[in-house]
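# Build me a model:
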Amino acid sequence: MSVISHAKASVERTSAATAPERRPGGMLRTVGRAMAYVLLLIAALVALVMIVVPMATGSHTYTVLTNSMAPKYAPGTFLVVKPTPFAQLKVGDIITYQIESGKAGVISHRITAVAATQSGARVLTTQGDNNSLADANPVQEMQVQGKLFYAVPYVGFVANAVGQYRDSFVPILAAGFIGFGALGMVKGSMEKKRARQSARRSQ
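Next up, the predicted model:
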């Protein structure tokens, strides 16, 4: 009876010695790391949609300020407008154009008709989706900034706030991605080293 008890105690001591060490707070570190990766992914996606793609395609970015294109393009919608040959624009396209040629103010409305002037110049009739009447003046080629490429709801006002710092924001964001990646590699290497040391001690 005593031999069996002694053997059982030896097995329990051996199991306790070889059991992996449980570190307090390990779960919190895992959750924190997962949240950091999620936030990094979101930041990368936002940067891609709001900065990288517009810059790569030569597009212009705007924020909807009025209800003329609501509800689909409500105030606060972020618009990416890509330069498009005037001859390719057609009824149904949403374009951004200067209210007065050569001036900064712009409108983003849908093309409802294509016509020609007496001189043969092509002009566009536009109207807001939420407006009951077409815009008063036809749109000429020199006024058009481009055709809607894609839109992101709600983030336009944030984009306006960030826009004044855009030139410095891109390199800072890139440096952040590189730094985060390097930190992840260092932490992973250290964890592997600790795991090897723990395995050697348990042998």
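
# only C-alpha atoms for contact and neighbour calcs from this point on.
OK.

# What is the least confident helix or strand in the protein?
Counting by mean pLDDT, DSSP states H and E, the chain has its least confident helix or strand at helix 2-18, which shows a mean of 47.

# following that one, which helix or strand comes up?
helix 26-47 (DSSP states H and E).

# now that next one: how far from the chain's centre is it?
Chain-centre distance of helix 26-47: 15 Å, with C-alpha atoms, centre = their mean, to the nearest Å.

# next structured bit after that helix?
Per DSSP H and E, the first helix or strand lying C-terminal to helix 26-47 is helix 53-57.

# Give the pairing partners of the helix or strand following that following helix; include direction for each.
The helix or strand immediately downstream of helix 53-57 is strand 60-63, counting by DSSP H and E. Here strand 60-63 has these sheet partners by DSSP bridges: strand 78-82 (antiparallel).

# Just give me how far the partner strand sits from the chain centre.
Relative to where its chain is centred, strand 78-82 has its mean C-alpha point 13 Å off (C-alpha atoms, centre = their mean).

# neighbouring contacts of the helix or strand just after it?
Next helix or strand after strand 78-82 toward the C-terminus (DSSP H and E): strand 94-98. In this structure, residues lying in contact with strand 94-98 by C-alpha atoms under 8 Å, 6 or more residues apart in numbering are 81, 104-111, 139, 143-148.
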